[in-house]
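A.B. asks: need the 3D shape of this:
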Amino acid sequence: MGKKVFIVDLSLCNGCHSCHIGCKDEHVANDWSPIAKPMPEIDHFWFKLQEKVRGTVPKVKVAYRPHFCMHCDNAPCMKVCPVGAKYKRDDGLVIIDPAKCTGCRKCIEICPYDAIYFNRDLNIAQKCTGCAHLIDAGWKETRCSDNCPTLCIRMMDEEDAKDLIAQAEVLKPELGTKPRVYYLHMPKKFIAGTVFDPVADEVHIGAECTLTGGGKTYKATSDHFGDFWFEDLPDAEFSLDIKVAGKSKAFTGLDTAEADINLGDIAI
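C.D. replies: Numbering: from 1, shown residues only. Reported below is the predicted structural model:
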């Protein structure tokens, strides 16, 4: 059995929540022992869609990210479990054995991805299983990926996914947990604004905008609405120079580590 990975292409996610619904449909009121006991109908989100509104009106973007257990190769939850209820299968999926779990909650507290939940009725910890019961039955996909209308989520053999993995990112790589969930096209920060002439009460078209920071220089030109956008920026501090009609304006200390930046209406 080859090791599995999840490839999640965020450029394809439209926030439809079909993944979340599929997970609920598969696990609520269904006992898939020895892989998992039923998921509670409320309060548990073994698979959820996170939504983040970026920027401020009118320069706003909405980012969606499917979030679930990372099935880490160096999983903190496995190390902290006092009874050995967490185990990694040969295919790479991390499972909580419901028969062994004592409900101590140590795994919930230590998981850096907030992906483990406590079932009060059963007194056990629970999380995404990677639909291991379906994989064992011959399925090639999980319920979340099978439900995804845009093919944003895919379960793949690690060997087949090598090229995609090389282009992808994982969450919190600095922790060394070695997640098996890989994200393509993770949203980066943006700096945007609108350039206008306060005397003529018209927008400036073709304003030359030069952004410097993070070891690079970026160029943009304001469009027919006076808007300029710098996208896919790293977390860094930037300076911006805008030149148009023989006039200029400069900005410094634009820190994208804090948030996406909308400079609003810029009078030149």
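A.B. asks: every contact and neighbour count from this point should use C-alpha atoms.
C.D. replies: Noted.
A.B. asks: burial of residue 157, as a residue count?
C.D. replies: 16 (other CA atoms under 10 Å).
A.B. asks: now the element after the helix ranked longest in the chain, going C-ward?
C.D. replies: Using DSSP state H, we find that the single longest helix of the chain is helix 18-27. Proceeding N to C from helix 18-27, the next assigned helix or strand is strand 47-56, under DSSP states H and E.
A.B. asks: give the buried residues for stretch 206-224.
C.D. replies: Buried residues in stretch 206-224, counted by 16 or more other CA atoms under 10 Å: 206-213, 220-223.
A.B. asks: rounded mean pLDDT for the longest helix of the chain, please.
C.D. replies: Helix 18-27 shows a mean pLDDT of 97.
A.B. asks: could you give the angle of it to strand 47-56?
C.D. replies: 160 degrees (axes from the mean of the first three to the mean of the last three CA atoms, to 10 degrees).
A.B. asks: chain center to helix 18-27: distance?
C.D. replies: Going by CA atoms, centre = their mean, to the nearest Å, the spacing between the C-alpha centre of helix 18-27 and its chain's C-alpha centre is 18 Å.
A.B. asks: for that helix, name the packing helices and strands.
C.D. replies: When contacts are defined as 3 or more CA pairs under 8 Å, 6 or more residues apart in numbering; DSSP states H and E, helix 18-27 sits against strand 47-56, helix 143-147.
A.B. asks: pipe the ones you listed into CSV and attach distance to residue 73 and mean neighbour count per row.
C.D. replies: Output for the helices and strands packed on helix 18-27, formatted as CSV (distance: least, CA to CA, whole Å; neighbours: other CA atoms under 10 Å):
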stretch, distance to residue 73, mean neighbour count
strand 47-56, 19, 16
helix 143-147, 21, 21
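A.B. asks: residues in contact with residue 217?
C.D. replies: 210-211 (CA atoms under 8 Å, 6 or more residues apart in numbering).
A.B. asks: what's the separation between it and residue 153?
C.D. replies: Here residue 217 is placed at a distance of 34 Å from residue 153 (CA to CA, to the nearest Å).
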